[in-house]
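Novice: Generate coordinates for the sequence data below:
(2 chains)
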Protein chains: 2
Amino acid sequence: MKILSMQNDRVKKWCQLKEKKYRDERNLFLIEGEHLLFEALKNGIVKEIITTEDVIYDNLLPHYYVTKEIMKKISDQVTISSVIAVCEKLKKSEIVGPVIVLDGLQDPGNLGTIIRSAAAFSIPNIILSSTSVDLYNPKVIRSTEGMLFFVNIVRENLEHILPILKQRGYTIYGTDVLKGEDTAHLSFSSHSAFLIGNEGKGLSEVARNYCDNFLYIPMNSCCESLNASVSASIIMYEFSKKSDSYE
Amino acid sequence: MKILSMQNDRVKKWCQLKEKKYRDERNLFLIEGEHLLFEALKNGIVKEIITTEDVIYDNLLPHYYVTKEIMKKISDQVTISSVIAVCEKLKKSEIVGPVIVLDGLQDPGNLGTIIRSAAAFSIPNIILSSTSVDLYNPKVIRSTEGMLFFVNIVRENLEHILPILKQRGYTIYGTDVLKGEDTAHLSFSSHSAFLIGNEGKGLSEVARNYCDNFLYIPMNSCCESLNASVSASIIMYEFSKKSDSYE
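Specialist: Okay, the predicted model is just below:
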């Protein structure tokens, strides 16, 4: 179907998906660009394809052919792509194996980068506290570089989920800039949970109380802390070194 | 001095410093917030202080008291700070010791994060290729978290500087997602240069030709690469483990 008018109802509905409220209401989100589209198609979550080109990506899915102006309106990027797809939010699975727990992480780029590193270092789960940035924020999706399909990401209240992990025998690691076990000495256990705090404030009191142990990354005393996605990635990197999980 | 008018010439000149062209022309840049101001004051580079509060930060420096509206106009952030300072660009020193070489890095957040990690892992130098994002871009400054004062950062044409490093006995390491030496086996030498490529395209042909060796970070095959600031940080982290440079 061709859509030429900016006032078209579908265009309005697609634009609304840039807001969390509508994404939650309809259980949908947008992805931009062919790389993400191909990953999403493999995962069977694509509902509609919107494109400025005369192409068919999948015979079974509705395609909407739009003008560049309409694309620009729907897009979140400065340089628009030729394709945007409406996708169903990802299904969550039960947490099995190591997990990264993000406690009030705010920066979309940091979340996307952590998801990408989790896929790289074979960490199968991420728990996103209810106080963290929305997974389906377009900037998060973009900075995952398509890796969001390789990690089980669940949004949970930490007061609810941390006691459950503890009951299930997980060791909960906090991060601390001053004290704790050197991250390099971390040993592998599939029942490990690594807490990463908010960019400015670090770990919340609630989360801190559940920690069994603290990890520390040795660094020069001039520096107070690392970027949250860097800390998380170094922990996952060290952890993955101890496992045999590479495919 | 009090400034109440948005049309004031000084306000216009301050706003211009959000653009690279004017920063280069005047050799000045802006920093926002008290944390960065205190670091800049320690480094003696502050020229003028602009604030919405009735405070004196330094008796020897001119203070301009402005309205919140003016502050908002000068600021680059959504939530404005109470203080902005005009600073002289940092002086460059000769490159002594290990160095990170950024080849066409584009994302301001990535550059800021790499500077922060360099300070943390005691890497004293960063070479920024002439094709990379401007160091004095407000987003770069912000994401360094004040760490830009602890690293010697020089902007250079790589075709000029890489042969000089080679002549001086540096080993030049590239990064590669498929082949190379495992980063964990890296040994310490103060004459080491680590090349990090552009976010999308990786290393340029020119830079690649100067590499003596390639480093590789083992990762799951589902993932093509890590975020550039994460790769750089993991290399610096591993490298710093081998040195005794922590203060």
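
Novice: List the residues that contact A:F29.
Specialist: By CB atoms under 8 Å, 6 or more residues apart in numbering or on different chains, the contact set of A:F29 is A:L17, A:R23, A:V86, A:C87, A:K89, A:Y136, A:I141. To be clear about C-beta, it is placed using only N, CA and C from the backbone, and glycine gets the same treatment.

Novice: What count of nearby residues applies to the spatially closest residue to A:S243 that is not a sequence neighbour?
Specialist: Among residues not flanking A:S243 along the chain, A:F188 sits closest, at 4.8 Å (CB to CB, 6 or more residues apart in numbering or on different chains). For A:F188, the neighbour count with other CB atoms under 10 Å in any protein chain shown is 14.

Novice: tell me the secondary structure for A:F188?
Specialist: coil (DSSP: H, G, I helix; E, B strand; the rest coil).

Novice: Is it in contact with A:T171, as I believe?
Specialist: No: if you go by CB atoms under 8 Å, A:F188 and A:T171 don't touch, sitting 11.1 Å apart.

Novice: Check the average confidence over stretch A:189-199, would you?
Specialist: For stretch A:189-199, the mean per-residue pLDDT is 96.

Novice: mind checking how far it is from the chain centre?
Specialist: 15 Å (CA atoms, centre = their mean, to the nearest Å).

Novice: Identify the bridge partners of A:F214.
Specialist: On the basis of DSSP bridges, A:F214 is bridged to A:G174.

Novice: how far away is it from chain B?
Specialist: 18 Å (CB to the nearest CB, to the nearest Å).

Novice: check contacts around that residue.
Specialist: A:F214 sits next to A:Y173, A:G174, A:T175, A:D176, A:K179, A:G180, A:E181 when contact means CB under 8 Å, 6+ apart.

Novice: now do A:E199
Specialist: A:L105, A:Q106, A:D107, A:N110, A:N227, A:A228.

Novice: ok, for it, nearest residue in space, not its chain neighbours?
Specialist: Once flanking residues are discounted, A:E199 sits nearest to A:A228: 5.2 Å by CB to CB, 6+ apart.

Novice: okay, now the one you found: neighbour count?
Specialist: 26.

Novice: Wait, it touches A:F194, no?
Specialist: No: between A:A228 and A:F194 no contact is recorded; they are 11.9 Å apart, counting by CB under 8 Å.

Novice: Please tell me how far the closest residue in space to A:N220 that isn't next to it in sequence sits from B:K242.
Specialist: With CB to CB, 6+ apart as the criterion, A:N220 has its nearest non-adjacent residue at 4.8 Å, and that residue is B:S122. From B:S122 across to B:K242, the span is 11 Å (CB to CB, to the nearest Å).

Novice: More neighbours: these two, which one.
Specialist: Comparing B:S122 with B:K242 by other CB under 10 Å, the one with more neighbours is B:S122, at 23 against 12.

Novice: what about the more buried one, is that helix, strand or coil?
Specialist: Going by three-state DSSP: B:S122 is coil.

Novice: Ok, A:I153 next?
Specialist: Under three-state DSSP, A:I153 comes out as strand.

Novice: and the closest residue in space to it that isn't next to it in sequence, what is it in contact with?
Specialist: Counting by CB to CB, 6+ apart, A:I153 lies nearest to A:I126, which is 4.7 Å off, once chain neighbours are set aside. Going by CB under 8 Å, 6+ apart, A:I126 touches A:V99, A:I100, A:V101, A:L102, A:I114, A:I115, A:A118, A:V151, A:N152, A:I153, A:V154.

Novice: With A:T67 instead?
Specialist: Taking CB under 8 Å, 6+ apart, we find A:T67 in contact with A:I3, A:L4, A:T52.

Novice: Could you single out the nearest of those to chain B?
Specialist: A:T52 (20.9 Å; CB to the nearest CB).

Novice: So that closest one versus A:Y64, what's the distance?
Specialist: A:T52 is 10 Å from A:Y64, by CB to CB.

Novice: now swap in A:M1 and tell me
Specialist: For A:M1, the distance to A:Y64 - CB to CB - is 5 Å.

Novice: who's more crowded, these two?
Specialist: Each of A:M1 and A:Y64 has its neighbours counted (other CB under 10 Å); A:Y64 has more, 18 against 8.

Novice: I'd like to know which elements the strand or helix carrying that one is packed against.
Specialist: Following DSSP states H and E, the helix or strand that holds A:Y64 is strand A:63-66. In this structure, strand A:63-66 makes packing contacts with strand A:2-3, strand A:46-51, judged by 3 or more CB pairs under 8 Å, 6 or more residues apart in numbering or on different chains; DSSP states H and E.

Novice: closest one to chain B among those?
Specialist: The nearest among the helices and strands packed on strand A:63-66, by CB to the nearest CB, is strand A:46-51 at 19.2 Å.

Novice: Work out the sheet partners of that closest one and label each with its direction, please.
Specialist: strand A:63-66 (parallel), strand A:83-88 (antiparallel).

Novice: All set, thanks.
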